[in-house]
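Asker: next one to model:
(one chain, ligands or ions: 1)
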Amino acid sequence: MDLSYSEDEAFRAEVRGWLEDHLSGEFAGLKGLGGPGREHEAIEERLAWNRHLAEHGWTGVSWPAEHGGRGLSLWQQVIFHEEYARSDAPNRVNHLGEELLGPTLMAFGTKEQQERFLPRILAVEELWAQGYSEPGAGSDLANVQTRARLDTDGWVIDGQKVWTSNAHFSQWLFLIARTEPGSQRHHGLSFLLVPIDQEGVEVRPIRQLTGGSEFNEVFLTGARTAPDLVVGEPGDGWRVAMALLGFERGVSVLGQVVGFARELGGVVRLARDNGAIDDPVVRDRLAGLKAELEVLRWQALRGLSVVGGSDAGAPSVFKLAWARWHKRLGEVAMDVRGLDGLVASAAPYELDDLQRLYLFSRADSIYGGSDEVQRTILAERVLGLPREGR
Ligand SMILES: Cc1cc2nc3c(=O)[nH]c(=O)nc-3n(C[C@H](O)[C@H](O)[C@H](O)COP(=O)(O)OP(=O)(O)OC[C@H]3O[C@@H](n4cnc5c(N)ncnc54)[C@H](O)[C@@H]3O)c2cc1C
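Answerer: Reported below is the predicted structural model:
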């Protein structure tokens, strides 16, 4: 495999040129906004940018043309995400719909569901949130207690979700709920599509350590959705929910690695400016991060080259590695920043980029499957060790 993907360099030039031309004027000020720990920033403006991308065919780049997507090859997708991150374009607001729900509807949805939802995801007209976690169901997701029953008008849902990113500005929630009374674990669950703007849904933002409120508690009290808004067969929701998680580790990880490189560059610049670079220990730690980042990039490429293949452990190894790397970057950043990094620079609680990076990166080893969960996957599915007792 040619990992320099040289035949696609013309495409790289096209993406880079488009981003340079369009990240200007009203959008110029959005550069760098909305990254991890900063999702609360400039939502309306980022939404406008996301719709601008859509108008020019830069949403759904991996989606096949039959569903309105751009149908890029795998390497072109890698290039798109790398160039997007390199340009410092703002984080897209619509990624849960575009990268998770869209592909799931293509695989499991009915024709009506696809026609109803996919065009609106592509056009960034409807935003989605993910209602999986509950107070008693995070790592142990099969412990979902939210219930749903079908009456004459449709599904009626009762329960509570938590850590629901973006629910406070989304129109729709995809969730898993127990639809077969008395069922246990991953049996008897269904995957439902639920409108958020209704009386039975209450969204309460959770204030985070970073000062922002990116995720929420969502209370469902007699919430309703139409009878045909179940994806896959009723009772078979676990399969759909797990397939959706499989899309989470897609091509965009290469963009993530480029984003990490930008963050590291910022820390190195600060170290040069404030003299911290003169400390050989700091230099050594920065050099270590740089070298490991290169390894991460190759790991990400390796993960893509074995999608659906034999290396079942690759996504878990990559998740463990990047979470560890990013947390260390946050720690080194604070050391470079020095003592004044311990206080917020403006009232009431306005943190700068490095402070946010440090605090938010603590969550990297939790979301998307915690470190312990990844190690359990590796132990059981790759090393063949005995399964943990439940
Ligand atoms: C920034 C962020 C955004 C999120 N966004 C969403 C979202 O949009 N939608 C959504 O549904 N969820 C979301 N989550 C929730 C996330 O999926 C959960 O936090 C995660 O699954 C862990 O679950 P938990 O928080 O209940 O912790 P728990 O599962 O209670 O785990 C607590 C600790 O115990 C460890 N642990 C748990 N079980 C085991 C075990 N069997 N063996 C060893 N150790 C174990 C864990 O590794 C962890 O360290 C988000 C989380 C974060 C941090």
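Asker: in the protein, which residue sits closest to the ligand?
Answerer: Of the chain, the residue with the smallest distance to the ligand, taken as Cβ to the nearest ligand atom, is residue 138 at 1.9 Å. Bear in mind the C-beta positions are built from the backbone N, C-alpha and C, glycine included.
Asker: can you count the residues close to that residue?
Answerer: The local packing of residue 138 (other Cβ atoms under 10 Å) involves 17 other residues.
Asker: again with residue 17
Answerer: There are 11 residues near residue 17, going by other Cβ under 10 Å.
Asker: about what we covered before: list the contacts of the residue of the chain closest to the ligand.
Answerer: For residue 138, the contact set (Cβ atoms under 8 Å, 6 or more residues apart in numbering) comprises residue 163.
Asker: got the domain ranges for this structure?
Answerer: According to automatic domain parsing, the chain comprises the domains 6-93, 128-236, 249-382.
Asker: so which of these gets nearest residue 101?
Answerer: domain 128-236 (5.2 Å; Cβ to Cβ).
Asker: and that closest one, end to end?
Answerer: End-to-end distance for domain 128-236, by Cα to Cα, to the nearest Å: 21 Å.
Asker: could you do stretch 348-364 as well?
Answerer: Using Cα to Cα, first and last residues of stretch 348-364 are 26 Å apart.
Asker: state the mean pLDDT of it.
Answerer: Averaging pLDDT along stretch 348-364 gives 90.
Asker: can you tell me what sits against it?
Answerer: With contact meaning Cβ under 8 Å, 6+ apart, stretch 348-364 is reached by 32, 36-38, 208-211, 263, 266-267, 270, 322-323, 326-327, 329-331, 333-334, 336-337, 341, 344-345.
Asker: next one: stretch 88-96
Answerer: Everything outside stretch 88-96 that qualifies as a contact, by Cβ under 8 Å, 6+ apart, is 19, 23, 30-35, 38-39, 42-43, 45-47, 49-50, 53, 59, 98, 121, 124, 127-130, 165-166, 169-170, 252, 262.
Asker: mark which of those are buried, thanks.
Answerer: Among these, those buried by neighbour count (16 or more other Cβ atoms under 10 Å) are 19, 23, 30, 32-35, 38-39, 42-43, 45-47, 49-50, 53, 59, 98, 121, 124, 127-130, 165-166, 169-170, 252.
Asker: okay, and which of the residues you listed map to strands?
Answerer: 128, 129, 130 (DSSP state E).
Asker: redo those residues as a markdown table? Include pLDDT and distance to residue 225.
Answerer: Converted to a markdown table, these look like this (pLDDT from 0 to 100; distance: Cβ to Cβ, whole Å):
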| residue | pLDDT | distance to residue 225 |
| --- | --- | --- |
| 128 | 98 | 14 |
| 129 | 97 | 14 |
| 130 | 97 | 16 |
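Asker: ok, and of those, which contact the ligand?
Answerer: residue 130 (Cβ under 6 Å from any ligand atom).
Asker: closest one to residue 312 out of the ones in strands among the buried ones among the contacts of stretch 88-96, please.
Answerer: Of all these, residue 130 has the smallest distance to residue 312: 23.5 Å, by Cβ to Cβ.
Asker: so what's that closest one closest to, chain neighbours aside?
Answerer: Nearest non-adjacent residue to residue 130, counting by Cβ to Cβ, 6 or more residues apart in numbering: residue 96, 5.6 Å away.
Asker: please apply the same query to residue 360.
Answerer: Nearest non-adjacent residue to residue 360, counting by Cβ to Cβ, 6+ apart: residue 37, 2.8 Å away.
Asker: tell me where the model's unsure across the protein.
Answerer: Applying pLDDT under 70 to the chain flags residues 1-7, 249, 306-310, 390.
Asker: residues of it that sit close to the ligand?
Answerer: Contact residues (Cβ under 6 Å from any ligand atom) of the chain with the ligand: 130-133, 138-139, 163-165, 215, 363, 366-367, 370, 372-373, 376, 388.
Asker: about what we covered before: mind checking which of the contacts of stretch 88-96 land in helices?
Answerer: Using DSSP state H, the subset of the contacts of stretch 88-96 located in helices is 19, 43, 45, 46, 47, 49, 50, 53, 121, 262.
Asker: let me know whether residue 50 touches residue 58 as I believe.
Answerer: No - judged on Cβ atoms under 8 Å, residue 50 makes no contact with residue 58 at a distance of 9.4 Å.
Asker: contacts for stretch 266-285?
Answerer: So stretch 266-285 is contacted by 286, 328, 329, 332, 333, 335, 336, 337, 338, 353, 354 (Cβ under 8 Å, 6+ apart).
Asker: going by residue numbers, what spans are strands in the chain?
Answerer: Remark: strands assigned in the chain by DSSP E are 128-131, 147-151, 154-162, 172-178, 189-195, 201-205, 216-225, 230-231.
Asker: so the third one versus strand 172-178, what angle?
Answerer: Relative orientation of strand 154-162 versus strand 172-178 (axes from the mean of the first three to the mean of the last three Cα atoms, to 10 degrees): 90 degrees.
Asker: and strand 154-162 with strand 147-151, angle?
Answerer: Compare the direction of strand 154-162 with that of strand 147-151 by the same axes, to 10 degrees and you get 170 degrees.
Asker: which elements pack onto strand 154-162?
Answerer: Packing partners of strand 154-162 (3 or more Cβ pairs under 8 Å, 6 or more residues apart in numbering; DSSP states H and E): strand 147-151, strand 172-178, strand 189-195, strand 216-225.
Asker: for the second one, same thing?
Answerer: Packing partners of strand 147-151 (3+ Cβ pairs under 8 Å, 6+ apart): strand 154-162, strand 172-178.
Asker: thinking again about what came up before, which two among the ones in helices among the contacts of stretch 88-96 are spaced furthest apart?
Answerer: Farthest apart among these - using Cβ to Cβ - are 121 and 262, which lie 27.4 Å from each other.
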